[in-house]
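Engineer: sequence first, predicted model second:
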Amino acid sequence: MSLVTIIYGSLFYFATLILFAGIAYRIYEYATIPAPLKIPTPPAPKTKRGVAVRLFREVVFFESLFHSAKWTWLFGWLFHFALLLAFFRHLRYATDPVWFWVSWEIVQAAGHYAAYMMLLGLLGLLVRRIFVDRVRHISAPSDYLILFLIIGIALSGLLMKWYPTDIFALKQFILGLIYFNWSELPSDFMLLLHLGLVLLLMIIFPYSKLLHAPGLFFSPTRNQTDTARDSRHIADWARKLES
Amino acid sequence: MAVKEFEKPELKEYSDVPLLEKKATAHLAPFKSKEEFQSSLGYPGELVDNWQDAALDKMGDLLKKYRSLRVYLDSCIQCGACTDKCHYYLGTKDPSNMPVGRQNLLRSVYRRYFTLPGKYFPKLVGAVDLTKEVLDDWYSYYHQCSQCRRCAVFCPMGIDTAEISMAAREIMDSVGVGQKYCNEIIGKVHKIGNNLGLPEPALADTLEGLEEDVKDEIDIDVKYPLDQKDSDILLVTPSADFFAEPHVDGLIGYGKVFHQAGLSWTLSSHASEAANFGMFIGSYANMRKLAMRIREAALDLNVKRIVFGECGHAWRVAYSFLNTLAGPFDFLDPKYPVPQHICEVTYDLIQKNVLQFDKSANDDMVVTYHDSCNVARASNMGDVIGGQFTIPRDIIRATTNHFYDMDESTIKEKTFCCGGGGGLLTDDLMELRMKGALPRMEALKRVVDDYGVTHMAAICAICKSQFSKALGYYGFEIDQIISLHQLVGNALIMNKKEL
Ligand code: SF4
Ligand code: SF4
């Protein structure tokens, strides 16, 4: 077993652990911190079903962002949608036999073109960050680095079209990790770069603003029903004040 | 106090987003609270010695008590979508008045002490130490936020800067740095029952005077009862309604509505204040203590319903929090929501044809309506989605012939704050208040020019006071701001039936 395989294999386990345990822990934290008062913003739904619809529209269409900043919405939405398409395409490396719908031509092709879409979206966001004075002002180095990191992932993935690797061996490597039956990782530079950047992204996820993904579901302005007059909404720590 | 000299923003035909000017309003900070007001609220009288540790402890405490605070500090993607949404940024050009800029003042400290990357790579993630300079910035800029929540509507994550401002003020109070205006007022309510510090005899006098005025005007004995046990309705209204113009015209209007509908009602000297400044300083405990006075008054006076007068943040606390803070209100008549807004009461009576209007009584006015931020973005009316927008407008349409809305992007859930909310309605922040009023004034100017609008109605005591200043400052007449129930009172057809 090559050193590269051992390093990447171990890193994969490590990054997966950090990613899932980290997010699970954050979700646990968010779920257990009380929201002591009703603070939904309009149009505030009166029912749980209404909340589900609202969150769906936020997650799928970025509805609030659409109303507030059209360019950011366009680039941001392109990027996230492309990410989803690319994810679908990549499932062929981790499922055996490949899930039927993953092997559909359209899913594979969409996943491929998604790389361009993703780059377009990311570059748009980067340009906005650099050239709009208000956005430049709020940007910390990490805001640029995360953009560069994801641009790097998209670009190295796309470049593998011209610097191909042995995808059969790659799939064996991935399946080997999943089923604890390791096999060699092809040591092509572009592949190692691509995978390395993905691992880095997984590791920083629970410690960065990427937490916005679980965060949105716990945002009280968006996930609460507007029923304050109908029932009390009292947190445990607040109830203690009553005695 | 006169408005001090500062550069006056220009009212433009089309509002645009200004280029930022760093630290443009760093010099603005309200007077600090004195020891006596601090301690009456349970806070240290001056900056405590170990203030850094104490502040961080408090922050840690709040992070465990308020999901909003924790999730919002974590989830901002620094996308910038909110940067042009705050009236204070638009009016002052100071980037720390961009909602995300304001949040980052607290977030950078949160990152430094409560997150892994901030502990080890502070520069990378924009984390900073909690220094005296940072505390001073907090004091300035968290008192340049009216907690209007306009940013929260536009943020893709729903991040509500008001939650952050409230937490920051609570942290500052807990280390001995409080704001004079808010804390002095809260102290007065704890002690006397209202923001103005009006004791019961003065209140009774005022109401008597009011009855005489109304009698002189329409020759009908409309009552403005105080502490009348066993009334059906307890009316809780901002104390400004007792004195200030144009507030008092609203109070006159409520009285006429109750009179004409034959409802028995009373004010309370114990709960003679609808406003609840406890919210502004982010203090659950103080907010609850103030809210309890209303419960006590309702029990004491043995009423069946609680109705709130025209006040924005008071309605937020009433609608969204009162049940939680001071409930359950199972001793009241279950047929009515607790509490109700005076607009809901009037609207229902209009629907039932109990009230008739002669709209021509308001023909000297062409009216527009200012959605107060706390009504628009933090409450509801009528228990239908958007009722807080339609009910006041429907009342205006029922009582006037000439009504025009301002630009869509400046009303309803997108409404601009008057510039004086959130505990900033104090003379020591006049520059901020005038600059913050700019977006609303621009929107108003457009309907004045396009439709000949002469008056702007509002249902918030703070808005009314703030506009009385801002209108004059921007070249309008100060009496162009009116109470919504002034329109109602003017047009209501009264007959002489006695109760
Ligand atoms: S819109 Fe929301 S997520 Fe974007 S910068 Fe502002 S607060 Fe952060
Ligand atoms: S709550 Fe209102 S005043 Fe405060 S930052 Fe948001 S928009 Fe500005």
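Structural biologist: That came in fine, so what should we check first? Ligands and ions are numbered 1, 2, ... in the order given.

Engineer: next, count neighbours for residue 69.
Structural biologist: Looking at chain A here, since you left the chain open. Neighbour count for A:A69, taken as other CB atoms under 10 Å in any protein chain shown: 24. Any C-beta I mention is one placed from the backbone N, CA and C, and that applies to glycine too.

Engineer: right idea, wrong chain: chain B
Structural biologist: Count around B:L69 with other CB under 10 Å applied: 25.

Engineer: can the helix or strand it falls within be found next to ligand 1?
Structural biologist: Assessed by DSSP states H and E, B:L69 sits inside helix B:67-75. No - for helix B:67-75, no contact with ligand 1 is found by CB under 6 Å from any ligand atom; the gap never falls below 6.9 Å.

Engineer: any residues of the stretch 101-250 of chain B in contact with chain A? List them.
Structural biologist: B:101, B:104, B:115-117, B:123-126, B:149, B:152-160, B:163 (CB under 8 Å from any CB of the partner chain).

Engineer: which ones among the residues you listed lie within helices?
Structural biologist: The helices, defined by DSSP state H, take in B:101, B:104, B:116-117, B:123-125, B:152-154, B:163 from these.

Engineer: of the residues of the stretch 101-250 of chain B next to chain A, list those near ligand 1.
Structural biologist: B:155-157, B:159.

Engineer: about what we covered before: among the residues of the stretch 101-250 of chain B next to chain A, name the buried ones.
Structural biologist: The neighbour-count test (16 or more other CB atoms under 10 Å in any protein chain shown) applied to these identifies B:101, B:104, B:115, B:117, B:125-126, B:149, B:152-160, B:163 as buried.

Engineer: what about the closest residue to B:S231 other than its chain neighbours, which SS state?
Structural biologist: In this structure, B:S231 finds its nearest non-sequential neighbour in B:T266, 4.0 Å apart by CB to CB, 6 or more residues apart in numbering or on different chains. Secondary structure for B:T266, judged by DSSP: H, G, I helix; E, B strand; the rest coil, is strand.

Engineer: tally of neighbours for B:T266?
Structural biologist: Using other CB under 10 Å, B:T266 has 22 neighbouring residues.

Engineer: and the pLDDT at it?
Structural biologist: pLDDT recorded at B:T266 is 98.

Engineer: from B:S165, how far out is it?
Structural biologist: Distance, B:T266 to B:S165, using CB to CB, to the nearest Å: 36 Å.

Engineer: ditto for A:E242
Structural biologist: The value you get for A:E242 to B:S165, if CB to CB is used, is 26 Å.

Engineer: compare those two (neighbour count), which wins?
Structural biologist: Comparing A:E242 with B:S165 by neighbour count (other CB under 10 Å), the higher total belongs to B:S165, at 28 against 10.

Engineer: hang on, that one packs against B:C148?
Structural biologist: No - B:S165 lies out of contact with B:C148 (CB atoms under 8 Å); the separation is 10.1 Å.

Engineer: joint contacts of those two?
Structural biologist: Shared contacts of B:S165 and B:C148, defined by CB atoms under 8 Å, 6 or more residues apart in numbering or on different chains, are found at B:G422.

Engineer: helices of the stretch 251-400 of chain B, residue ranges please.
Structural biologist: Remark: helices assigned in the stretch 251-400 of chain B by DSSP state H, counting those that start in this stretch are B:284-301, B:312-316, B:322-326, B:342-351, B:373-378, B:387-399.

Engineer: out of those helices, which gets nearest to ligand 2?
Structural biologist: The closest of the helices of the stretch 251-400 of chain B to ligand 2 is helix B:373-378. By CB to the nearest ligand atom, the value is 7.1 Å.

Engineer: from the chain's centre, how far out does the closest one sit?
Structural biologist: Its chain's average C-alpha position is 8 Å from that of helix B:373-378, according to CA atoms, centre = their mean, to the nearest Å.

Engineer: next one: stretch B:89-109
Structural biologist: 21 Å.

Engineer: so for it, what's the average pLDDT?
Structural biologist: Taken as a whole, stretch B:89-109 has an average pLDDT of 97.

Engineer: and for stretch B:135-152?
Structural biologist: Stretch B:135-152 shows a mean pLDDT of 98 in the predicted model.

Engineer: repeat for stretch A:110-126
Structural biologist: Mean pLDDT, stretch A:110-126: 97.

Engineer: mind exporting it as PDB, just the C-alpha atoms?
Structural biologist: In PDB, the C-alpha atoms belonging to stretch A:110-126 read as follows (Å, rounded to 0.1, in the frame of the first residue of the first chain):
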ATOM      1  CA  ALA A 110     -25.600  17.900 -15.900                       C
ATOM      2  CA  GLY A 111     -23.000  17.100 -13.300                       C
ATOM      3  CA  HIS A 112     -20.300  17.800 -15.800                       C
ATOM      4  CA  TYR A 113     -21.600  21.100 -17.000                       C
ATOM      5  CA  ALA A 114     -22.300  22.000 -13.400                       C
ATOM      6  CA  ALA A 115     -18.600  22.600 -13.000                       C
ATOM      7  CA  TYR A 116     -18.800  25.600 -15.400                       C
ATOM      8  CA  MET A 117     -21.900  26.800 -13.700                       C
ATOM      9  CA  MET A 118     -20.200  26.500 -10.300                       C
ATOM     10  CA  LEU A 119     -17.200  28.400 -11.500                       C
ATOM     11  CA  LEU A 120     -19.400  31.100 -13.000                       C
ATOM     12  CA  GLY A 121     -21.300  31.500  -9.700                       C
ATOM     13  CA  LEU A 122     -18.200  31.500  -7.600                       C
ATOM     14  CA  LEU A 123     -16.400  34.000  -9.700                       C
ATOM     15  CA  GLY A 124     -19.500  36.200  -9.600                       C
ATOM     16  CA  LEU A 125     -19.500  36.100  -5.900                       C
ATOM     17  CA  LEU A 126     -15.700  36.800  -5.800                       C
END
